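Build me a model from this:
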Amino acid sequence: MKRALVLLGAGAAIDFGAPSTMKLTDIIEKAVIEDRVMQMTGGDGAFQTIRAGLAGYLHKPGIVHFEQIYHCAHELLFTTLWASSPQGREID
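Presented below is the predicted three-dimensional model:
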């Protein structure tokens, strides 16, 4: 039995109809902003605040995408949880 390995680079899925990272970011942002639970919990504002903050921080603000936004949200959550834990309070 012969096997084939196909390596695809960034953007390769676009040729097959998948959205680009930037388009996917717009789709996710629209879903987050329109989601009632996100509105009630402040997730919509958090998404937009992180995206705007990254746009002001990065050298290429036009390419802020969902992976960067997720990473920042994850790090903020971890930092907040760590700071409020007994281990985090011991660092002071």
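
CA atoms for contacts and neighbours, from now on please.
Noted.

can you pull out the strands in this protein?
For the chain, applying DSSP state E gives no strands.

Stretch 60-79: how far from the chain's middle?
5 Å (C-alpha atoms, centre = their mean, to the nearest Å).

Residues touching it, excluding its own?
21-22, 24-25, 28, 47, 50-51, 54-55 (C-alpha atoms under 8 Å, 6 or more residues apart in numbering).

need those in TSV with neighbour count, pLDDT and distance to residue 63, can you?
TSV is the format used below for the contacts of stretch 60-79 (neighbours: other C-alpha atoms under 10 Å; pLDDT from 0 to 100; distance: C-alpha to C-alpha, whole Å):
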residue	neighbour count	pLDDT	distance to residue 63
21	17	87	9
22	14	89	7
24	14	91	12
25	19	93	10
28	15	95	15
47	21	95	15
50	17	95	13
51	21	94	10
54	20	93	9
55	16	92	8
